[in-house]
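>>> Sharing a sequence plus its predicted fold:
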Amino acid sequence: MTASVIPVNLITGFLGVGKTTALMNLLAQKPADEYWAIVVNEFGEVGIDGATLSSAGDGLQVAEVPGGCICCTTSPMLRVTLGKLARGIRPDRLLIEPSGLGHPAGIIDLLRDPMLASAFEVRAVVSLLDPRQMEDSRYYSHETWRDQLQLADVLVINKCDVADEEQILRAEAMGAAFFPPKLAITRAINGQFALSLLDLELHPERWPALNHSANVQLGAYSPSRQVHSSLASKSSDVAAEVSSWPICKMQSSLGSHSCGWIFPPEVVFSSSQVADLLTVLSQNSDLNLQGLTRAKGIFHTERDWYRFDWVDSMTSAAPAAYRRDSRFEVIVQSDQAPDWQPLQRALLATLISSPSPL
């Protein structure tokens, strides 16, 4: 990442979960020599949160986008606001607080638009959750509530002082069950969590030292952004090894073997070809997948982001809020690990475009 690129974090969560309080606590941790900006979106026409945040002190710019949701109806206003930030005195960090009723995936898509991607770098998305909401159908049955949790890289279980231990443990179990996995799940009271969570490495799989699963690099695509500063001291040889995409990770244990591929979010797949691939997984002997028990993935396609599943020869697909990367994983049961190359070739054949040859 160059010095001129603005790191961006989304702070999301449903209505009343404590997003503004969490932002105030983050601002209290802001280094004194840094200049931050906040874009706050309230569904109503009268801005309250912006006025609250503006009182947090110096070294801060607050921009309000009231009246609707910046994820959809007023997205042109968000584009204008981001353009002004990029052309003015660039902040050291931008925090965006969408409306609790908003689908924040649209904001990630906007930030990755070629017109804005050169100025902004998407960092960890933080979602706050009140564990008591999991017992109320008004929340857990709401599509936006579920999407906010799926999108999150970091899940902050807030209001632990008013929730009981059983409710908190249930929320943690739900967070741990997400695919793809969260980068971190943490408990909080009054929205207090460590500032360092905003800068977690988004792809720890790139660093063998941080992940002990077998790791094989397949491909030559190297993203332009630099690795996270906490890892910058690693040797140049290791940095070169782990910067290539896609990442391929394999594991074998107790007669089961898995292989997974991870692609950068800019890569686009053909939705129809991915669907066709899943349909023939257990039918095509050329793929060498005898004993296939499970296949799942999330893909950035030409239509949208989708989750694809294969279970017992049945396939399904549904829109996904997740935006960190595209990934695909299969599991087989057999005496020895299969040759994954045929499947890899079939997977790469579903690509439509990528920033650089894979």
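Now that the structure is in, tell me what you want to look at. Numbers count the residues shown, from 1 in each chain.

>>> what domains does the record give for the protein?
Domains of the chain are assigned by automatic domain parsing as 6-199, 204-353.

>>> Deepest-packed of those, please.
Per-stretch averages of neighbours, counted by mean count of other C-beta atoms under 10 Å, single out domain 6-199 among those, with a mean of 18. (C-beta placed from N, C-alpha, C; glycine too.)

>>> The domains of the chain into a markdown table, with extra columns for mean pLDDT?
Listed next are the domains of the chain as a markdown table, based on pLDDT from 0 to 100:
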| stretch | mean pLDDT |
| --- | --- |
| domain 6-199 | 86 |
| domain 204-353 | 80 |
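
>>> Now do the strands in the stretch 201-350 of the chain.
If DSSP state E, counting those that start in this stretch is used as the criterion, the strands of the stretch 201-350 of the chain fall at 214-221, 245-253, 256-263, 268-269, 292-300, 305-311, 314-319, 326-333.

>>> a markdown table please, covering these and showing distance to F120.
Converted to a markdown table, these look like this (distance: least, C-beta to C-beta, whole Å):
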| stretch | distance to F120 |
| --- | --- |
| strand 214-221 | 21 |
| strand 245-253 | 21 |
| strand 256-263 | 21 |
| strand 268-269 | 20 |
| strand 292-300 | 18 |
| strand 305-311 | 19 |
| strand 314-319 | 24 |
| strand 326-333 | 20 |
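
>>> So which of the ones you listed is nearest F179?
When those are ranked by distance to F179, counting by C-beta to C-beta, first place goes to strand 292-300 at 6.3 Å.

>>> For that closest one, which strands pair with it and how are they oriented?
Here strand 292-300 is paired, per DSSP bridges, with strand 305-311 (antiparallel), strand 326-333 (antiparallel).

>>> pretty sure K30 contacts W36?
Yes: contact between K30 and W36 holds when scored by C-beta atoms under 8 Å: they sit 5.7 Å apart.

>>> any chance of the strands paired with strand 292-300 in JSON lines, with distance to G106 too?
Written out in JSON lines, the entries for these read as follows (distance: least, C-beta to C-beta, whole Å):
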{"stretch": "strand 305-311", "distance to G106": "11"}
{"stretch": "strand 326-333", "distance to G106": "18"}
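
>>> of those strands, which approaches N288 most closely?
N288 lies closest to strand 326-333 among these, at 9.1 Å (C-beta to C-beta).

>>> quick check: angle from the closest one to strand 245-253?
Using axes from the mean of the first three to the mean of the last three C-alpha atoms, to 10 degrees, one finds that strand 326-333 and strand 245-253 are set 20 degrees apart in direction.

>>> Would you mind pulling the contact partners of strand 326-333?
Strand 326-333 is contacted from outside by 180, 255-265, 267, 269, 281, 289-300, 308, 338, 343, 347, using C-beta atoms under 8 Å, 6 or more residues apart in numbering.

>>> make it 6 Å
Defining contact as C-beta atoms under 6 Å, 6 or more residues apart in numbering, one finds that strand 326-333 is touched by 180, 255-258, 260-263, 267, 289, 291-300.

>>> Likewise for stretch 86-106?
Under C-beta under 6 Å, 6+ apart, the answer for stretch 86-106 is 6-12, 14-15, 19, 34-41, 43, 69-71, 119, 144, 147, 151, 321, 323.

>>> Measure how far that stretch is from the centre of its chain, please.
Its chain's average C-alpha position is 15 Å from that of stretch 86-106, according to C-alpha atoms, centre = their mean, to the nearest Å.

>>> before we move on, what about stretch 285-294?
30 Å.

>>> And stretch 23-40, by the same measure?
Distance, centroid of stretch 23-40 to centroid of chain: 22 Å (C-alpha atoms, centre = their mean).

>>> Give me the distance between the two termini of that stretch.
Its start and end residues considered, stretch 23-40 measures 10 Å (C-alpha to C-alpha, to the nearest Å).

>>> Which stretches in the stretch 101-250 of the chain count as helices?
Ranges of helices in the stretch 101-250 of the chain, per DSSP state H, counting those that start in this stretch, are 105-111, 114-117, 137-140, 143-151, 165-176, 236-242.

>>> can you put the ones you listed in CSV and add distance to L78?
Putting those into CSV (distance: least, C-beta to C-beta, whole Å) gives the following:
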stretch, distance to L78
helix 105-111, 7
helix 114-117, 10
helix 137-140, 25
helix 143-151, 16
helix 165-176, 28
helix 236-242, 34
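
>>> Could you pull out the strands in the stretch 51-200 of the chain for me?
With DSSP E, counting those that start in this stretch, the ranges of strands along the stretch 51-200 of the chain come out as 60-64, 93-97, 120-122, 126-129, 154-157, 184-187.
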